[in-house]
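Visitor: just a sequence and a predicted model for now, questions to come.
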Amino acid sequence: ETGVTQSPTHLIKTRGQQVTLRCSSQSGHNTVSWYQQALGQGPQFIFQYYREEENGRGNFPPRFSGLQFPNYSSELNVNALELDDSALYLCASSFSGTTQYFGPGTRLTVL
Amino acid sequence: DAKTTQPPSMDCAEGRAANLPCNHSTISGNEYVYWYRQIHSQGPQYIIHGLKNNETNEMASLIITEDRKSSTLILPHATLRDTAVYYCIVREQGSQGNLIFGKGTKLSVKP
């Protein structure tokens, strides 16, 4: 059984650019949640995908968007990057809202 | 906002039990208590969760008071590798996604 994986591990972008982060859920899981963790803070919920539909969203602007694919993997897209978007982006998978298991994260730096 | 209160930091001697407290006085009847930990710059790691009864697994024990307003995570024989930020979170099982992280407790295990 493979755990949650994320790619890339690190990424550097400049202000105004767009970025796509990827997450493969754990085997048997159908739900993916995304979190943003700024330095020194706890993770903040961005949104969740269940059966390819957005199923809950935190206090993030529309330039944060996502997708879930039929194999339950997911993407997080961020448009018009701002300096404050620099953070560790975490995805977590679960089966229908039960215990969430996190991936290792993608460290995004916006210059 | 997080519905839990934890001390910001604790120290523990290697080999001794680490007892991490958490207050959740507004917990509702269908909310579980979850514990995660995060070692520097890695994704949060699930530890244990419970509803009413005490729980034990290979990592830790969770003691929940009878009124469910507080709980304690016990690492029975702390090692240096247990140094991490520990998060206590209350959440409905099967709810729409989000884990609300507070600031957690920074546990330092010292030789």
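Guide: Yep, that arrived.
Visitor: look up how far chain A lies from residue B:27.
Guide: Per CB to the nearest CB, to the nearest Å, residue B:27 is found 18 Å from chain A. C-beta: built from backbone N, CA, C; applies to glycine.
Visitor: for chain A, what lies in contact range of chain B?
Guide: Neighbours of chain B within chain A, by CB under 8 Å from any CB of the partner chain: A:4, A:31, A:33, A:35, A:41-45, A:47-48, A:55-56, A:58, A:88, A:90, A:92, A:96-105, A:107.
Visitor: any of these buried? List them.
Guide: A:4, A:31, A:33, A:35, A:42-45, A:47-48, A:55-56, A:58, A:88, A:90, A:92, A:97, A:99-105, A:107 (16 or more other CB atoms under 10 Å in any protein chain shown).
Visitor: let's see which of the residues of chain A next to chain B end up in helices.
Guide: Counted as lying in helices by DSSP state H, out of these, is not a single one.
Visitor: who does the lowest-mean-pLDDT helix or strand in chain A pair up with?
Guide: Every helix and strand of chain A was ranked by mean pLDDT, DSSP states H and E. The lowest is strand A:53-57, at a mean of 91. Partners of strand A:53-57 in the sheet, by DSSP bridges, are strand A:44-50 (antiparallel).
Visitor: beta-bridge partners for residue A:45, please?
Guide: According to DSSP bridges, beta-bridge pairing links residue A:45 with residue A:35.
Visitor: could I get the full set of helices for chain B?
Guide: Using DSSP H, helices in chain B do not occur.
Visitor: which residues of it lie near chain A?
Guide: B:2, B:34, B:36, B:41-46, B:49, B:87, B:93-104.
Visitor: any of those buried? List them.
Guide: For the residues of chain B next to chain A, a neighbour count by 16+ other CB under 10 Å gives the buried set as B:2, B:34, B:36, B:43-44, B:46, B:49, B:87, B:97-104.
Visitor: is it true that residue B:8 touches residue B:107?
Guide: No: at 10.7 Å, residue B:8 does not count as touching residue B:107 under the criterion of CB atoms under 8 Å.
Visitor: low-scoring stretches of chain A, by residue?
Guide: Low-confidence segments of chain A, defined by pLDDT under 70: A:1-2.
Visitor: in it, which residue is closest to the centre?
Guide: The residue lying closest to the centre of chain A (CA atoms, centre = their mean) is residue A:34, at 3.5 Å.
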